[in-house]
Every structure is written in C-alpha cells, then in structure tokens.
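Asker: Got a predicted structure here, sequence first:
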Amino acid sequence: MRIAAGYILVTFLLFILHSLVVPYLAVVHVLPDLLLIWIVYIAVRRGQLAGIVAGFVIGLLLDLTGGEGEMLGLGSLTKSVSGFLAGYFFNENKTFQTLGGFQFIISVISVSLVHHLLYFIIFLQGTEIGFGGMVLQYALPGSLYSALVALLPMFIISRKHGT
Amino acid sequence: MRRLLDIVLLYKEYLVLSLCILVSTFLLAGNNNTQMQTIRSLSVAAAGVAQDVVGIVPNYLDLEAENRFLRERNLTLSDQLSRMREAGAENARLREALGLKARSTYTYLAAQVVGKNFQPLRSTITLDAGEEDGVRFNMPIVTHGGVVGRIVATSAHYAVGQTLFHHEMRTSAKVQRSRADGILVWDGGAGMKLKNVAKTLDVRVGDQVVTSEYSSIFPPGIPLGIVTRTFEVAGDLFRTIEVDPSADLYRLEEVFVITQVPDTSRIVLEQRAAR
C-alpha cells in the first residue's frame, strides 16, 4: 500500500513537471518524455504487468489533460504498449543492475522509439504530414533526448546501489 | 477452473495489455477528428476485403431458404415484367390509334376485341361495345392500320364484326395511285384479291388499295391493303391482283367502330334500279 502510494505521488509530481517545466527544456521543439522514462522504470523495477497498468493510467491522464486536439485513447494505447515492451527488460534478480546500467538507457531509447512510431502511425492518419519526416524530426531526437534525461536517474540508482 | 486460473496467471501480462488496448481503442473510436475518420474508412475497407474472402465459403444453412425466397421472387418479378410488357405494347397500339383519330374527321368508338372466331370461311370478332354505345349494323370497323371489317350483329353491350377474311366480305376498292377501281374479296387464305380491274389499267406492286367512294358501307380513302402481286391470265379480261391487308387481322386487340350510319336511301335506290 505504501509502495503504491509512493508510486502515485511520484507520478503526480512528474505530471506537474511534465506540464510546467519540461516545455522549457525543449530543444528545437524536441522534448524529453519524463513520464515515459517513469513508465520504463516501473516496468523494469516491478515487471511487465505493472508497466502496462502504469502506462495505461498515465497515458489516459495525459489524454484527459491534453486539451483540444488531443485524441482520447491514443496516449493510453501507446504508453500501455510501451510499458509492456519495457517489461521485457525486467529481471527479478538484476533489477538494480538494469536500472543502474546502460541497459536502462537502451530500454528507454527502444521503448521511446516504438512509442513515437505507434503514436505517429495513428496521429498522422488523414493528414498531409509525412511519416518519415516526423520520425526524423521528433521520434529519433525525442528518444535520444529522453535517454539523455534518463542518465540522471540511472546514475543516482547506480551510486545508491553500487551497480 | 484451476487450470483456467493457471492460464490467466501465466499470461496475465498479455491479457492486461489486451484489455488496455481494447479500452484505448474504444476511447479512440469516440474521437471524431480527421485521424479517426481516416482510420474508420480504412477499417471499413479492410472489413470489406475480409468479408469478400469469407463470403466465398457458402453458408449451407441459409442457402435453401435463400433459394426458396429467390424462386418466389423470380416468379413475382417475371409476372410483373410480363404485365409491364403487355402494358407497354398496349400503350404503343393506343398511341397509334390516337394518331388515326387525330388525322380523321370521322367519329370513332373504341372497342376491345373480347372474342375471335376463325372458323373456315367465317372469320368474326366480338367487340365489347354494343347498341347502348351507339354501335349499329353495317358500321365499319377499322384500326390505325386500315379496314378490319363491318358490324354484322349487335346486342346491348356487344357486337360481332365480320373481318375481311370472310367469304361474304366484298367491298368497293380503288388503287390510290392510278385510281383504278375494283372489288376487294378474300382469297380464302391469308390475303385478298382485287377483282374486275381491266388489264389496261395501271396497277403495280406496292400500290396502296383504299376504300372507294362507291362503297355504301366504308367511307372513302381508308387503307385496305397493299398490292403484292399482279399478273395477267391468258384469255381473261381482267388483271389478277393480289393484295395483303393493311390491318393485322391476326392480332386484333383494340379496334375502332366508325359511327357512321350508311345512307340507306342510296342503297334502296340502287337495289331498285338493279331489278
């Protein structure tokens, strides 16, 4: 119960950061996805099931608070799939080794790429925007930026658990 | 039950993911923006292709019922088609008949042929118009094609007409082009002969034969037939002329009775002079 409350609290804080602070971190319109990094963390730390649920809930919250133009259901879909994929990096015996190592960075990059691809496949339907351009302009740079930001929690866990 | 639970626990991640995707898809479907409209149209196209493929496999349970329904429907439609064709043909005939009425100054009474009698040497038709409609003995019967015959018997609501294919039918006729006079009679078959036409008179194949002003029954100028053959027999004073009737006497359905009573005083005078 305490663990769940802790996760909820952190989710709430990250939500606030994502909404208020992250836009100021934009580099040529490319943003890091803090909530996605958090979903990957949950999946690697607690397993695939937790990652799916976390992704679904967080994605749904993002859709609901996204305002006009956001597609309700898109965020919950893409992030629940992200949580599922991130769960493949879960190893009950090597949790902190994964989180404190470059495997975490690789998982963030790969999951972020899949997340963006899935998002754009649906989001760009019926528009004239080129898929390839969006991948090069947002998906790749965004994944790399997220991985860069993920280095911070990676180093913290690594120092804390001596991995 | 325990086994089911074991399976659920074994694949819980996939089940939960499927549930999340399902809910997300449901939420997405509620959107009405450009993206979802495009996705919906793609889904419809994909469903259509899948149905085409699956539709190849016949559903035998429904085939019998479908066959029965289609047979009944086919019967109904065939009947309707037949009626429509009938109505169309009648429409065409009546339009032609209307044209006849428009061109002529005579008074016409339309009548349906309700009975036909093609006994040898006695071809008659029964009409659904009688004395109460103004039909009288010896009134001419015509169609848009030409002369059919004359009224020979009447009752209150019906009349019997004698057609050109009757051994008693004789009528004064004239070749329209050359004005050669003759008497048109039935040849016993499917045609007629124009008799008493001198060999010196000009009659050719294709000439139209019409009623002449000498007829006491038929008004002048009504088509009787077309000359199909003309030849001379050695030793005979007159030319032999074969004529095909203008009116189609084998397919009579609607006719007109010319409600013109012949001038009986002229007939009486001619009979008296002949004695």
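Answerer: The structure has been received and is ready for your questions.
Asker: Checking my notes, A:Ile105 in a helix, right?
Answerer: Yes: the assignment for A:Ile105 by DSSP: H, G, I helix; E, B strand; the rest coil puts it in a helix.
Asker: so what's it up against?
Answerer: A:Ala147, A:Ala150, A:Leu151, A:Met154 (Cβ atoms under 8 Å, 6 or more residues apart in numbering or on different chains). Glycine gets a C-beta too; all of them are placed from N, C-alpha and C.
Asker: Dump the residues you listed into JSON lines; add pLDDT and distance to chain B as well.
Answerer: Output for those, formatted as JSON lines (pLDDT from 0 to 100; distance: Cβ to the nearest Cβ, whole Å):
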{"residue": "A:Ala147", "pLDDT": "92", "distance to chain B": "24"}
{"residue": "A:Ala150", "pLDDT": "92", "distance to chain B": "23"}
{"residue": "A:Leu151", "pLDDT": "91", "distance to chain B": "28"}
{"residue": "A:Met154", "pLDDT": "90", "distance to chain B": "25"}
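Asker: A:Leu13: how many residues sit nearby?
Answerer: Here the number of neighbours of A:Leu13 (other Cβ atoms under 10 Å in any protein chain shown) works out to 12.
Asker: Could you look up the SS state of it?
Answerer: Following three-state DSSP, the label given to A:Leu13 is helix.
Asker: returning to what we had before: how about a markdown table for the contacts of A:Ile105, with distance to A:Phe15 and secondary structure added?
Answerer: Converted to a markdown table, these look like this (distance: Cβ to Cβ, whole Å; DSSP: H, G, I helix; E, B strand; the rest coil):
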| residue | distance to A:Phe15 | secondary structure |
| --- | --- | --- |
| A:Ala147 | 21 | helix |
| A:Ala150 | 18 | helix |
| A:Leu151 | 22 | helix |
| A:Met154 | 21 | helix |
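Asker: Dump those to JSON lines, plus neighbour count.
Answerer: Converted to JSON lines, these look like this (neighbours: other Cβ atoms under 10 Å in any protein chain shown):
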{"residue": "A:Ala147", "neighbour count": "22"}
{"residue": "A:Ala150", "neighbour count": "26"}
{"residue": "A:Leu151", "neighbour count": "14"}
{"residue": "A:Met154", "neighbour count": "23"}
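Asker: wait, which of those is closest to B:Asp248?
Answerer: A:Ala147 (96.0 Å; Cβ to Cβ).
Asker: Now for the closest one: which residues touch it?
Answerer: A:Ile105, A:Val108, A:Ile109, A:Ser112.
Asker: Only C-alpha atoms, please: export stretch A:147-154 in CSV.
Answerer: In CSV, the C-alpha atoms belonging to stretch A:147-154 read as follows (Å, rounded to 0.1, in the frame of the first residue of the first chain):
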residue,chain,number,x,y,z
ALA,A,147,17.7,8.8,-23.0
LEU,A,148,19.9,11.7,-22.1
VAL,A,149,17.5,12.7,-19.3
ALA,A,150,17.3,9.1,-18.1
LEU,A,151,21.0,9.2,-17.4
LEU,A,152,20.2,11.2,-14.3
PRO,A,153,18.1,8.5,-12.5
MET,A,154,20.5,5.9,-13.9
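Asker: Isn't B:Val23 up against A:Val57?
Answerer: No: using Cβ atoms under 8 Å, B:Val23 makes no contact with A:Val57, being 11.0 Å away.
Asker: Now do the shared contacts for these two.
Answerer: In contact with both B:Val23 and A:Val57: A:Ser76, using Cβ under 8 Å, 6+ apart.
Asker: Helix or strand: which one has the closest residue to chain A within the stretch 1-150 of chain B?
Answerer: As assessed by Cβ to the nearest Cβ, chain A sits closest to B:Leu27 within the stretch 1-150 of chain B, at 2.9 Å. Secondary-structure assignment from DSSP states H and E places B:Leu27 in helix B:12-29.
Asker: pLDDT (mean, whole number) over that helix?
Answerer: Across helix B:12-29, the average pLDDT comes to 89.
Asker: Show me which parts of that helix are buried, residue by residue.
Answerer: For helix B:12-29, burial by neighbour count (16 or more other Cβ atoms under 10 Å in any protein chain shown) applies to B:Glu13, B:Val16, B:Leu17, B:Cys20, B:Ile21, B:Val23, B:Ser24, B:Leu27, B:Leu28.
Asker: which residue is nearest the centroid of chain B?
Answerer: B:Ala89 (2.7 Å; Cα atoms, centre = their mean).
Asker: continuing past the host helix or strand of that one, what's the next helix or strand?
Answerer: B:Ala89 belongs to helix B:60-103 when assigned by DSSP H and E. Once the chain leaves helix B:60-103, the next helix or strand it forms, by DSSP H and E, is strand B:108-119.
Asker: partners of that next one, with directions?
Answerer: strand B:122-127 (antiparallel), strand B:254-258 (antiparallel) (DSSP bridges).
Asker: need these in a markdown table with mean neighbour count, can you?
Answerer: Formatted as a markdown table, these follow (neighbours: other Cβ under 10 Å):
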| stretch | mean neighbour count |
| --- | --- |
| strand B:122-127 | 20 |
| strand B:254-258 | 22 |
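Asker: Any chance of a markdown table for these, columns distance to A:His29 and mean pLDDT?
Answerer: Listed next are these as a markdown table, based on distance: least, Cβ to Cβ, whole Å; pLDDT from 0 to 100:
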| stretch | distance to A:His29 | mean pLDDT |
| --- | --- | --- |
| strand B:122-127 | 95 | 82 |
| strand B:254-258 | 86 | 90 |
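Asker: Does A:Lys79 touch A:Ile58 like I think?
Answerer: Yes: A:Lys79 is within contact range of A:Ile58, at 5.7 Å (criterion: Cβ under 8 Å).
Asker: which residues does the residue nearest to the centre of chain B contact?
Answerer: Counting by Cβ under 8 Å, 6+ apart, B:Ala89 has no contacts.
Asker: ok, and does the worst-scoring helix or strand of chain A on mean pLDDT reach over to chain B?
Answerer: Across the helices and strands of chain A, mean confidence by mean pLDDT, DSSP states H and E is lowest for helix A:131-134: a mean of 77. No: looking at helix A:131-134 against chain B by Cβ under 8 Å from any Cβ of the partner chain, there are no contacts, and the closest approach is 12.8 Å.
Asker: All good on my end, thank you.
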